[in-house]
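Participant: Give me coordinates for this.
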Amino acid sequence: MKKRSLKVFVFAIIASLFIYVVFFDGLNKIYTKINAEAYGQYSISFNSEISKEAQGKIKNDLEKVETEIKRKRFIFKDKNSDFQIVWGESASIIPKYYVPIAHIYSVEDNFIPEKQKIYTYASYPENVLRILKEKYPGIIKVEDPNIFLDQDTKNVALVSFEDLSYKNKLLNFNGRYFLDDTKGGIKIGLGLNPLDPFVENIINTAIRDEISSISFDKTKLGTINQTGVTAITRGLATKINNSGNFGYPALKIAEFLKNTDLTHVSNEVSSVPGCLYRPSAMVFCAKPEYIKTLQDIGVDIVELTGNHNNDYGAKNNTSTIEKYTELGMRYFGGGLSTTDAEKILYEKVKDTKIAFLGYNYYDTMQKTPAIAGENRAGANSYSEEKIKNDIANARKNADVIILDIQFEECYSYPKTSASYIPCYKPLGYPDQASVFRKAIDAGADIVVGTQAHQPQTYELYNGKLIFYGLGNLFFDQTRWEGTKQGLILTHYLYNGKLIQTKLTTTYYKDDMQVYVTKGGERTYLLNLLKQGRTK
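Facilitator: Next up is the predicted model:
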């Protein structure tokens, strides 16, 4: 018994010593690693493709970095260094992005190298051009790719993010849209060899100013979803009531619509307690509960230029506007009175300040009760002089001016459900193109028609964007193909500028639930808009 106890005792001592050694050896290794990271010094060299100017800037920043014991973190060598800063696509230090673009009227959405002629600026650095040439041997270096994009809408240019403009169309690349996912671009720049996240983080922190001045920073990118007509009434109301879900119209599109910094709707129908309506009525109201649809899509901004908000009296319009405010939604293009309706709405998205202006052209001309009065809620009236003055004031306070007009609608729908090209064009009488272009001439950055029950074409006029009509977002018009189609504009804003407006196409069937279209459905609508162009 005593011998067995002795053996157990000896074994316990040996096991304890083993655990002690292993444990403290592990701690020592961890401590050594932490100590090395905290106080270590690293030697750095540069790949020969990196310019002397770039090397000088990076050296200047890194030489200022010290460890906790006031020791320089980095020293520089010509060779045999711990790390080398290299040039290429593995860029993790000061990356620059190159993205595919086409003409703004291009119907194509995707960059397909084997099917498209590719151009790029000859002025880009040779080390950039080399990599682009390696990836796409057929790429052509030219002074200005835009000339070749104008010649054929199927041509593509690879440009740096800094050269991206709303005047061209950003294409998907590898199935990704760069402004939503940076894998939709070609990343070229500086990287670290061998890779070391700890050292890389120190370098990136030290040269942050260099990065922010020449590289895309997604934290500065702002987004706005802008939609067309919302009229949750009549047949759509019946669908909602039968479903038992007050958010029924948005079930298929809510996630998309609310996935931006701001979401805009142009709501034409006021809430009326106990609302009753006839299926074919032209006087509209909505049950107060239907506002859940707006909440579900994340509405931030309600445009009030519509001509049906006073259908059940200005008092119901007033209470509806007050409900928007209670829910944290802002409004423009209409209001509680003439003075309120004329107010410019300012919104800040990241580093960009936007001014929203809205006017009702049709009811101003017809002198209907839809227009706000001194003590009556309603839409903001239209006049060329008012627009000029408003834009001048907005320009003092905003980087980007979005101007919306409730124009006259196209009622020339065919007897069948077939698409009818005239309704995809700007109206000829009254002259819609003239009215919208005058707003651009007055200084607006974007002019949008929010009256249209079916999409209308778009154009680049004097270097600025015009969308003549976005069509229906939520409504019940299922008789005609055009009224079931819609457009959503996603505006991308960066460092105080509009850099891109993306067109998303939508559709609803007899169930009146809106969804984003792709493939043939999308191409079909884009081609109809193409046929409707004024030039």
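Participant: List of residues touching the helix or strand hosting residue 438?
Facilitator: In this assignment (DSSP states H and E), residue 438 forms part of helix 432-441. Contacts with helix 432-441, where a contact means Cβ atoms under 8 Å, 6 or more residues apart in numbering, come from 361, 384, 387, 391, 403, 405, 407-408, 426, 447, 449, 461-462, 464, 466, 468, 534. (Each C-beta comes from the backbone N, C-alpha and C, glycine too.)
Participant: who does the helix or strand that comes right after that helix touch, helix- and strand-wise?
Facilitator: Next along the chain after helix 432-441, taking DSSP H and E as the criterion, comes strand 446-449. For strand 446-449, the packing partners by 3 or more Cβ pairs under 8 Å, 6 or more residues apart in numbering; DSSP states H and E come out as strand 400-406, helix 432-441, strand 464-467.
Participant: now the angle between strand 400-406 and the second one, please.
Facilitator: Taking axes from the mean of the first three to the mean of the last three Cα atoms, to 10 degrees, one finds that helix 432-441 is oriented at 150 degrees with respect to strand 400-406.
Participant: could I get helix 432-441 in CSV with only the CA atoms?
Facilitator: Extracted C-alpha coordinates of helix 432-441, given in CSV (Å, rounded to 0.1, in the frame of the first residue of the first chain):
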residue,chain,number,x,y,z
GLN,A,432,-42.8,68.2,-70.8
ALA,A,433,-39.2,68.2,-72.1
SER,A,434,-39.2,72.1,-72.2
VAL,A,435,-40.4,72.4,-68.7
PHE,A,436,-38.0,69.9,-67.2
ARG,A,437,-35.0,71.3,-69.2
LYS,A,438,-35.7,74.8,-67.9
ALA,A,439,-35.3,73.5,-64.4
ILE,A,440,-31.9,72.1,-65.4
ASP,A,441,-31.0,75.4,-67.0
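Participant: Pull the distance from it to the chain's centre.
Facilitator: Relative to its chain's centre, helix 432-441 lies at 25 Å (Cα atoms, centre = their mean, to the nearest Å).
Participant: Then the last one?
Facilitator: From the chain centre to the centre of strand 464-467 is a distance of 16 Å (Cα atoms, centre = their mean).
Participant: and residue 80, what pLDDT?
Facilitator: Note on residue 80: pLDDT of 91.
Participant: From residue 321, how far out is it?
Facilitator: Separation of residue 80 from residue 321 (Cβ to Cβ, to the nearest Å): 72 Å.
Participant: Looking at those two, which is more packed in?
Facilitator: Ranked by neighbour count (other Cβ atoms under 10 Å), residue 80 and residue 321 place residue 321 first, with 23 against 8.
Participant: wait, what's in contact with the more buried one?
Facilitator: Taking Cβ under 8 Å, 6+ apart, we find residue 321 in contact with 304, 331, 334, 335, 336, 377.
Participant: What about the residues you listed, which one has the most neighbours?
Facilitator: Neighbour max across these (other Cβ under 10 Å) = residue 334, 32 neighbours.
Participant: what residues are up against the residue nearest to that one when sequence neighbours are not counted?
Facilitator: Spatial nearest neighbour of residue 334, excluding adjacent residues (Cβ to Cβ, 6 or more residues apart in numbering): residue 304 at 2.6 Å. Residues near residue 304 by Cβ under 8 Å, 6+ apart: 267, 321, 331, 332, 333, 334, 335, 341, 358, 379, 380.
Participant: right, and out of those residues, which lies closest to residue 227?
Facilitator: residue 267 (9.7 Å; Cβ to Cβ).
Participant: What segments of the stretch 251-400 of the chain are helices?
Facilitator: Along the stretch 251-400 of the chain, counting by DSSP state H, counting those that start in this stretch, helices occupy 254-257, 291-296, 314-326, 338-341, 361-366, 384-397.
Participant: Domain-wise, how is this structure divided?
Facilitator: Domains of the chain are assigned by automatic domain parsing as 39-109+160-215, 219-531.
Participant: Out of those, indicate the one that is most buried.
Facilitator: Ranked by mean neighbour count, the domains of the chain are led by domain 219-531 with a mean of 20 (mean count of other Cβ atoms under 10 Å).
Participant: pLDDT on stretch 257-267, on average?
Facilitator: Here the average pLDDT along stretch 257-267 is 98.
Participant: Can you pull out the residues in contact with it?
Facilitator: Outside stretch 257-267, the residues that touch it by Cβ under 8 Å, 6+ apart are 222-232, 250, 294, 296-306, 309, 333, 347, 349-350, 356, 404, 406, 450, 473, 488, 490.
Participant: Can you name the element that comes right after the helix or strand bottoming out on mean pLDDT in the chain?
Facilitator: In the chain, the helix or strand scored least confidently by mean pLDDT, DSSP states H and E is helix 2-39, which has a mean of 53. Remark: after helix 2-39, the chain's next helix or strand is strand 42-46, criterion DSSP H and E.
Participant: quick one: average pLDDT of that next one?
Facilitator: Averaged across strand 42-46, pLDDT comes to 92.
Participant: For that strand, which outside residues touch it?
Facilitator: For strand 42-46, contacts defined as Cβ under 8 Å, 6+ apart pick out 55, 58, 62, 73-85, 199.
Participant: Tabulate the helices and strands packed on strand 446-449 (TSV), appending distance to residue 43 and mean pLDDT.
Facilitator: Converted to TSV, those look like this (distance: least, Cβ to Cβ, whole Å; pLDDT from 0 to 100):
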stretch	distance to residue 43	mean pLDDT
strand 400-406	48	98
helix 432-441	58	98
strand 464-467	52	98
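Participant: need these in a markdown table with distance to residue 178, can you?
Facilitator: What follows is the helices and strands packed on strand 446-449, written out as a markdown table (distance: least, Cβ to Cβ, whole Å):
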| stretch | distance to residue 178 |
| --- | --- |
| strand 400-406 | 20 |
| helix 432-441 | 27 |
| strand 464-467 | 19 |
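Participant: Nearest to residue 236, out of these?
Facilitator: Using Cβ to Cβ, the helices and strands packed on strand 446-449 put strand 400-406 closest to residue 236, at 20.0 Å.
Participant: Adjacent strands (with direction) for the closest one?
Facilitator: Sheet pairing for strand 400-406, assigned by DSSP bridges, gives strand 352-360 (parallel), strand 446-449 (parallel).
Participant: mind checking which of those strands is nearest residue 398?
Facilitator: Comparing those against residue 398 with Cβ to Cβ, the closest turns out to be strand 352-360 (3.7 Å).
Participant: Alpha carbons of that closest one, as CSV, please.
Facilitator: What follows is strand 352-360 as a C-alpha-only set of coordinates in CSV (Å, rounded to 0.1, in the frame of the first residue of the first chain):
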residue,chain,number,x,y,z
THR,A,352,-23.1,65.4,-48.8
LYS,A,353,-26.0,67.8,-48.3
ILE,A,354,-29.0,67.4,-50.5
ALA,A,355,-31.8,69.9,-51.3
PHE,A,356,-35.2,68.4,-52.2
LEU,A,357,-37.5,70.7,-54.2
GLY,A,358,-41.0,69.7,-55.4
TYR,A,359,-43.7,71.4,-57.5
ASN,A,360,-47.1,70.5,-58.9
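Participant: What ranges does the stretch 201-350 of the chain have for its strands?
Facilitator: Counting by DSSP state E, counting those that start in this stretch, one finds strands in the stretch 201-350 of the chain at the ranges 221-230, 262-267, 301-303, 330-332, 334-335, 345-349.
Participant: Which one of those lies nearest to residue 522?
Facilitator: Of all the strands of the stretch 201-350 of the chain, strand 221-230 comes closest under Cβ to Cβ, at 16.3 Å.
Participant: Who are the packing partners of that closest one?
Facilitator: If you count contacts as 3+ Cβ pairs under 8 Å, 6+ apart, strand 221-230 packs onto helix 254-257, strand 262-267, strand 345-349, strand 472-474, strand 485-494.
Participant: would you turn the ones you listed into TSV with distance to residue 118?
Facilitator: Formatted as TSV, these follow (distance: least, Cβ to Cβ, whole Å):
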stretch	distance to residue 118
helix 254-257	30
strand 262-267	35
strand 345-349	33
strand 472-474	36
strand 485-494	23
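Participant: Give me the secondary structure label for residue 120.
Facilitator: Using DSSP: H, G, I helix; E, B strand; the rest coil, the structure places residue 120 in strand.
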